[in-house]
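>>> from the sequence below, what's the structure:
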Amino acid sequence: MPLSKFEALVLMALAREGPLTITGIRRHTGISPSAVYTAVRGLRVKGLVVEEQEKDFPFRRFITATEKGLKVAGLLRDVEKLLQGG
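All right, here's what the predicted structure looks like:
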C-alpha cells in the first residue's frame, strides 16, 4: 500500500518529534485537521502508528509511530536526502 503525501508528512513529524496529539501534528505539518485525521487513520490501518488515550484528565489522544513506522520514516528520510543530492 503506497503512502499518501499527507501520511508521509504525518509519519515524518511523528518520527522527528515523538508522540503528538492531532493538534501537535497540525502544528508540525501545517495540514488541515481533516487531512490529519485521514492520514492517521490510513497510517493506523497500515500498522505504522498507534493511538493511545491518557488515563487522566484531559484525556488527550497521542499518536505514536510504531517500530515499523519509524523504519518507514527512516527510508523516507533517506529518499529525501538522495533527491536533494546528498
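>>> what segments of the chain are helices?
Using DSSP state H, the helices of the chain run over 5-17, 22-29, 33-45, 67-83.
>>> possible to save these as TSV with mean neighbour count and mean pLDDT?
No exception for glycine: its C-beta is placed from N, CA and C like everyone else's. Listed next are the helices of the chain as TSV, based on neighbours: other CB atoms under 10 Å; pLDDT from 0 to 100:
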stretch	mean neighbour count	mean pLDDT
helix 5-17	20	97
helix 22-29	17	97
helix 33-45	17	97
helix 67-83	13	96
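>>> out of these, which is closest to residue 61?
Nearest of these to residue 61, taken as CB to CB: helix 22-29 at 7.1 Å.
>>> what is the orientation angle of that closest one with helix 33-45?
Counting by axes from the mean of the first three to the mean of the last three CA atoms, to 10 degrees, helix 22-29 points 100 degrees away from the direction of helix 33-45.
>>> how big is the angle separating helix 22-29 from helix 5-17?
100 degrees.
>>> hmm, back to that, among the helices of the chain, which is nearest residue 54?
helix 22-29 (13.4 Å).
>>> what backbone torsions are found at the residue nearest to residue 64 when sequence neighbours are not counted?
The spatial neighbour of residue 64 that comes closest, neighbours along the chain excluded (CB to CB, 6 or more residues apart in numbering), is residue 19 at 4.3 Å. Torsion angles at residue 19 (phi, psi; degrees, to the nearest 10) stand at phi -60, psi 140.
>>> count of neighbours near residue 19?
15 (other CB atoms under 10 Å).
>>> wait, doesn't it sit right on residue 66?
No - taking contacts as CB atoms under 8 Å, residue 19 lies outside contact range of residue 66: 11.4 Å.
>>> with distance to residue 51 added, can I get the helices of the chain in a markdown table?
Converted to a markdown table, the helices of the chain look like this (distance: least, CB to CB, whole Å):
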| stretch | distance to residue 51 |
| --- | --- |
| helix 5-17 | 11 |
| helix 22-29 | 10 |
| helix 33-45 | 7 |
| helix 67-83 | 12 |
